[in-house]
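Student: Okay, here's the prediction I keep looking at, along with the sequence it came from:
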Amino acid sequence: MNQETLEAAQNALLPEDYLSCQKILSQADFFEPKGRAMHTTNDFYFFKILKSGRIATDNDRGMYHSKGAFFTNGNFPEAITFQLIFEDQNTYDFCKKLDSQKYSDKVSVFVKYLWDNKREEIKHRLEKISSKQVETFEEVLEIAESFRFKARPQEIEKNLEALSKLYAVTIVYEQDKLQDARATGSFELQSLREGGVPISEASIIFVPEVKISTIKKALKKYQLEHIDVRPSEELELIRIINFSKK
């Protein structure tokens with residue numbers, strides 16, 4: 001890590017968070033989202049993905065109940081913030097050492113960026129979600145609050161104990177591995193690849209640091225040890241540093 005980034009982290013973080021992130025801060029380089037595509041799910045579905053070998057594209061699980069596998073476009077300036085909203089949706093057992101939410105609200109930061117830079121796009125997206133016409137930032141933000149819902153896998157949606165243990169898994173692909181994917185807006189990509197998107201083509205998987213050994217063992221079982229496993233706290237840290245520079 002370069003000295004400028006290290007100093008930015010030290011200035012932005014509370015002392016206790018800075019200390020708890022020393023291992024991440026000692027890395028040579030932070031994750032760079034540009035040129036990447038990110039798909040977040042929870043560990044319940046992730047182990048199903050491992051078993052099948054693919055992220056399915058043949059079911060209606062998109063934001064608008066449309067078919068395909070959806071990815072955050074890493075070239076979008078607020079990609080990390082958008083991705084962490086998905087991580088929060090898929091996490092019940094918040095086992096991360098660091099949550100950038102306590103430094104700035106994820107949903108309002110994301111929506112404010114779009115309101116300032118892609119106003120008609122965010123209005124159209126949220127009108128589609130809510131079936132309501134929206135005109136003001138306050139109306140947009142009110143509807144966007146639905147982004148905070150928690151994912152509830154159908155198979156365990158009534159099992160409170162199982163739900164309480166869910167944690168997010170973010171799967172990262174190089175965009176050149178998703179050449180079939182089409183943009184559905186400035187911040188999202190959709191793949192309709194027949195047979196799904198192979199998990200073997202992923203380059204990185206982010207999970208809470210305390211879950212890394214579990215995921216590495218699972219990848220070894222399926223002969224996927226070429227995929228790098230990194231802490232989700234790194235994404236939270238990147239968001240805090242980026243936000244502090246604005």
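Tutor: Okay, I see it. Numbering: from 1, shown residues only.
Student: contacts and neighbour counts: CA atoms only from here.
Tutor: OK.
Student: Distance from the chain centre to the helix or strand harbouring residue 142, please.
Tutor: Residue 142 is part of helix 137-144, with elements assigned from DSSP states H and E. For helix 137-144, the separation from the chain centroid amounts to 21 Å (computed by CA atoms, centre = their mean, to the nearest Å).
Student: Please report how far the residue nearest the centre of the chain lies from residue 74.
Tutor: Nearest to the geometric centre of the chain sits residue 83, at 2.7 Å (CA atoms, centre = their mean). Distance, residue 83 to residue 74, using CA to CA, to the nearest Å: 9 Å.
Student: which residues do these two both contact?
Tutor: Here residue 83 and residue 74 share the contacting residues residue 38, scored by CA atoms under 8 Å, 6 or more residues apart in numbering.
Student: just checking, what packs against the helix holding residue 142?
Tutor: helix 106-117, helix 119-130 (3 or more CA pairs under 8 Å, 6 or more residues apart in numbering; DSSP states H and E).
Student: Pipe those helices into CSV and attach distance to residue 196 per row.
Tutor: Formatted as CSV, the helices and strands packed on helix 137-144 follow (distance: least, CA to CA, whole Å):
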stretch, distance to residue 196
helix 106-117, 29
helix 119-130, 25
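Student: In TSV, list the ones you listed along with mean pLDDT and distance to residue 99.
Tutor: As requested, the helices and strands packed on helix 137-144 are exported to TSV (pLDDT from 0 to 100; distance: least, CA to CA, whole Å):
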stretch	mean pLDDT	distance to residue 99
helix 106-117	95	10
helix 119-130	88	25
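Student: how about CSV for those, with mean neighbour count added?
Tutor: Shown next, in CSV, are the helices and strands packed on helix 137-144 (neighbours: other CA atoms under 10 Å):
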stretch, mean neighbour count
helix 106-117, 17
helix 119-130, 16
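Student: what's next to stretch 164-173, contact-wise?
Tutor: 36-44, 46, 87-88, 90-95, 201-208.
Student: Please determine how far residue 183 is located from residue 211.
Tutor: From residue 183 across to residue 211, the span is 32 Å (CA to CA).
Student: do the same with residue 151
Tutor: Plainly put, residue 151 is 19 Å away from residue 211 if you go by CA to CA.
Student: before we move on, what about residue 156?
Tutor: 21 Å.
Student: Same check on residue 106?
Tutor: Applying CA to CA to residue 106 and residue 211 gives a distance of 23 Å.
Student: and if you look at residue 122?
Tutor: For residue 122, the distance to residue 211 - CA to CA - is 34 Å.
Student: Also residue 95?
Tutor: Taken as CA to CA, the span from residue 95 to residue 211 is 9 Å.
Student: in the protein, which spans are helices?
Tutor: Ranges of helices in the chain, per DSSP state H, are 3-12, 15-20, 22-25, 43-52, 79-89, 106-117, 119-130, 137-144, 160-163, 212-221, 232-244.
Student: and residue 179, which of those is closest to it?
Tutor: Residue 179 lies closest to helix 79-89 among the helices of the chain, at 18.9 Å (CA to CA).
Student: Need the contact partners of that closest one.
Tutor: Contacts for helix 79-89 (CA under 8 Å, 6+ apart): 33, 38-41, 72-74, 106-107, 109-110, 147-151, 167-170, 187, 235-236, 238-239.
Student: try stretch 185-197
Tutor: 37, 54-58, 67-76, 79, 121, 178, 180-184.
Student: Just the buried subset of the residues you listed, written out for PyMOL, thanks.
Tutor: Written as a PyMOL command, the selection of buried residues from the contacts of stretch 185-197, which uses 16 or more other CA atoms under 10 Å, is:
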select buried, resi 37+54+55+56+57+67+68+69+70+71+72+73+74+75+76+79+178+181
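Student: Sitting in strands, which of the contacts of stretch 185-197 do you find?
Tutor: 37, 54, 55, 69, 70, 71, 72, 73, 182, 183 (DSSP state E).
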